[in-house]
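1. I need the structure of the sequence given here:
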Amino acid sequence: MTTRRWTARDLPDLTGRTVVVTGAASGVGRGTATAFAAAGARTVLAVRDVAAGERAAAAMPGTTEVRALDLANLASVRAFADGWQGDLDVLVNNAGVAMTPHGHTADGFELQFGTNHLGHFALTNLLLPSITDRVVTVASGAHRAGVLDLDDLDLARYTPVKGYGRSKLANLLFTLELDRRCREAGSSVRALSAHPGYTASNLGTKGRNRHLVKVVHLAGRYLAQTEEQGALPSLYAATQDLPGASYVGPDGRFELHGHPALVGRSAAASDPVLARGLWEASERLTGVVFPLAAKA
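-> Below is the predicted model:
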């Protein structure tokens, strides 16, 4: 007997729920936001390019809203959080940059680490008093190639691959420590991670050689999942009854394609000491701290 695998059709009715998806103007983020909106959630697209966000939202069903958010600028992160009112059921930390030349955020952090990890770290903690259910942070199988040296957060010997892998390792460590801290504070909020597998998107193509970009898009057309399929692990992590710190990815070969399932992670991504050290360093760098008091 064949068991039908989970799809967006299995989402529960999300009427009355509020969801924020970062980076929802394109790719997996757009697929994720579209599915949430179709299931009845009030869906907020948190995007760097508001015009692109408005175009994406116009094609979505249901109730959507577009708000400006540049994760590479802590002032923008704070402005987004300061403008938030009311409960937020689910935050999906989806946005990111990939394989960029060496560069820095507006606050002087290495660009991939600063955007993919520190921007989401600050956003999550600033919004946490409003979050009622869970935080889902999008990582990647590339985390297995990541090495995190807390004494070298600017990554002196930078390569685009090293930088990306490190930022995705940081995403998983952030989830691990966030979930631990929420449990310690007696909060019902759960932190989980997901990765989309190999999905067609523009991630990692900005500023690249146009011939290389054509090859990437051609390969994606024939080999990659659609953005709707790539969104499934995030949707599953955001709505199913899973333990905190769970990691969801595709169930196919090498986790490149397939339907949502719990997947493994590297030993480094499971290291609670490294997770705590990264958290403390992130608080120092961003000036944003965990806002919930420990339970007496």
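2. In this structure residue 22 contacts residue 92, no?
-> Yes: under the criterion of CB atoms under 8 Å, residue 22 makes contact with residue 92 at 6.8 Å. Bear in mind the C-beta positions are built from the backbone N, C-alpha and C, glycine included.
3. what sits in contact with each of these two?
-> Taking CB atoms under 8 Å, 6 or more residues apart in numbering as the contact rule, residue 22 and residue 92 both touch residue 29.
4. immediately after the lowest-mean-pLDDT helix or strand in the chain, which helix or strand?
-> Within the chain, confidence by mean pLDDT, DSSP states H and E is lowest for helix 210-223 among all helices and strands, at a mean of 45. Following helix 210-223 in sequence order, the next helix or strand is helix 227-230 (DSSP states H and E).
5. So what touches that next one?
-> 8, 26-28, 30-31, 34-35, 196-197, 199-201, 257.
6. Extract the CA atoms of the longest strand seen in the chain and return them as CSV.
-> Longest strand in the chain, counting residues (DSSP state E): strand 131-138. Extracted in CSV, the C-alpha atoms of strand 131-138 (Å, rounded to 0.1, in the frame of the first residue of the first chain):
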residue,chain,number,x,y,z
ILE,A,131,5.2,35.5,18.1
THR,A,132,2.6,33.0,19.3
ASP,A,133,3.5,29.7,17.6
ARG,A,134,6.8,29.1,15.8
VAL,A,135,9.8,30.4,14.0
VAL,A,136,11.0,28.6,10.8
THR,A,137,14.4,29.4,9.5
VAL,A,138,15.5,28.3,6.1
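7. Which other helices and strands does that strand contact?
-> strand 88-93, helix 120-127, helix 160-184, strand 190-194, helix 232-239 (3 or more CB pairs under 8 Å, 6 or more residues apart in numbering; DSSP states H and E).
8. Export those as CSV, with columns for mean pLDDT, mean neighbour count and distance to residue 253.
-> Listed next are these as CSV, based on pLDDT from 0 to 100; neighbours: other CB atoms under 10 Å; distance: least, CB to CB, whole Å:
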stretch, mean pLDDT, mean neighbour count, distance to residue 253
strand 88-93, 98, 25, 26
helix 120-127, 98, 24, 29
helix 160-184, 98, 23, 20
strand 190-194, 98, 28, 18
helix 232-239, 98, 29, 16
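9. hang on, residue 160 packs against residue 103?
-> No: checked against CB under 8 Å, the pair residue 160 and residue 103 is beyond contact range at 10.3 Å.
10. check contacts around residue 118.
-> Contacts of residue 118 by CB under 8 Å, 6+ apart are 74, 105, 109, 282, 285-286.
11. Show the end-to-end separation of stretch 237-255, please.
-> Terminal residues of stretch 237-255 are spaced 16 Å apart (CA to CA, to the nearest Å).
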